[in-house]
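A.B. asks: Got a predicted model here, sequence first, then my questions.
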Amino acid sequence: MIFVSSKARVKGRLEGENIILGPTVIGENSLIGRNVIVGYPARNSIKAFQFPESFSIEEYNSISKGAKVGRNCVVRFGTVIYETASIGDDVETGHNVLIREGSVVGAKTLIGSSAQLDGTVNVGKDVSIQSNVYIPHLTVIGDGVFIAPNVCFTNDPYPVSKRLAGAVVEKNAIIGANSTLVAGVKIGENAVVGAGAVVTKNVPANTVVIGAPARPYMTRKEYDEKRLRWEEAE
């Protein structure tokens, strides 16, 4: 099916079988792939609504607060963007991405296939989030951060508790594949988390950590020098 709310402002292109709900705004020259939903109502909105016995998409449309997708974006097949999410200009998503209500994604950010922003997440500009990354409620990602595949952020230090604490990743940090960041940790500017690390404590700026639990291994300067030698050896 295809459904575009009469309250929506769609200036981009729709591939088909799209559902665009509420006062959603889609900017110029953006491409919305097949089976993408934009403006999906949050859980609280759905729970508060009295649905009639015969459900139709109009009910969801009536309660959706809409979402915002900027200009020149590419939102690929199967992505779901919840109401009140805001996507900046020139953002690209892979397939089957989830972006929950209240999340903010900065301009020129890439979000890989099957990644989840599972709650109110703040992502800066020029961020690269690779496939299968899990980012929960209250996480903050700074500008220029690179997050490799299968990284898992957490936000509850004592599951299941009633108090959550999101991790913070400052600008230009690198988070290696398959690493885990425990609730509330702070990754400093230009820091590097090695592949498979389990980060249980704050990581200072310009520091490379490895292991489980993660521990300092080298400086960011040493890391960049090794990377340059690797690239030049080809």
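C.D. replies: Cool, got the structure. Numbering: from 1, shown residues only.
A.B. asks: Residues in contact with the least confident helix or strand in the chain by mean pLDDT: which ones?
C.D. replies: One helix or strand of the chain scores below all others by mean pLDDT, DSSP states H and E: helix 43-48, with a mean of 86. Outside helix 43-48, the residues within contact range by C-beta atoms under 8 Å, 6 or more residues apart in numbering are 60, 63, 64, 65, 83. Bear in mind the C-beta positions are built from the backbone N, C-alpha and C, glycine included.
A.B. asks: Which residues belonging to that helix are considered buried?
C.D. replies: residue 45 (16 or more other C-beta atoms under 10 Å).
A.B. asks: Buried ones in stretch 58-78, by neighbour count?
C.D. replies: Residues of stretch 58-78 classed as buried: 59-61, 63-78 (neighbour count, 16+ other C-beta under 10 Å).
A.B. asks: Then stretch 24-31?
C.D. replies: Buried residues in stretch 24-31, defined by neighbour count with 16+ other C-beta under 10 Å: 24, 25, 26, 27, 30, 31.
A.B. asks: can you give me phi and psi for the last one?
C.D. replies: I take that to be residue 31. With angles defined as degrees, to the nearest 10, residue 31 sits at phi -110, psi 120.
A.B. asks: is it true that it touches residue 12?
C.D. replies: Yes. Using C-beta atoms under 8 Å, residue 31 is in contact with residue 12, at 6.2 Å.
A.B. asks: Tell me the residues that contact both of the two, please.
C.D. replies: Residues touching both residue 31 and residue 12 by C-beta under 8 Å, 6+ apart: residue 73.
A.B. asks: who's in contact with residue 118?
C.D. replies: Each residue near residue 118 by C-beta under 8 Å, 6+ apart is listed here: 98, 100, 134, 135, 136, 137.
A.B. asks: Kindly state the beta-bridge partners for it.
C.D. replies: Counting by DSSP bridges, residue 118 is bridged to residue 136.
A.B. asks: before we move on, the earlier item: can I get the contacts of residue 118 in a markdown table including neighbour count, distance to residue 125 and pLDDT?
C.D. replies: Listed next are the contacts of residue 118 as a markdown table, based on neighbours: other C-beta atoms under 10 Å; distance: C-beta to C-beta, whole Å; pLDDT from 0 to 100:
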| residue | neighbour count | distance to residue 125 | pLDDT |
| --- | --- | --- | --- |
| 98 | 20 | 21 | 98 |
| 100 | 23 | 20 | 98 |
| 134 | 17 | 21 | 98 |
| 135 | 32 | 16 | 98 |
| 136 | 21 | 21 | 98 |
| 137 | 17 | 21 | 97 |
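A.B. asks: Going by distance to residue 51, which of these wins?
C.D. replies: residue 100 (21.4 Å; C-beta to C-beta).
A.B. asks: Pretty sure that closest one sits against residue 135.
C.D. replies: No. Counting by C-beta under 8 Å, residue 100 stays clear of residue 135, with 9.7 Å between them.
A.B. asks: so what sits against both of those two?
C.D. replies: 117, 118, 121.
A.B. asks: which residues sit in contact with the first one?
C.D. replies: In this case it means residue 117. Here residue 117 is in contact with 97, 98, 99, 100, 103, 105, 111, 123, 135 (C-beta under 8 Å, 6+ apart).
A.B. asks: Same question for residue 32.
C.D. replies: 12, 13, 14, 15, 18, 20, 26, 38, 69, 75.
A.B. asks: swap the cut-off to 7 Å and go again
C.D. replies: If you count contacts by C-beta atoms under 7 Å, 6 or more residues apart in numbering, residue 32 has them with 12, 13, 14, 15, 18, 26, 38, 75.
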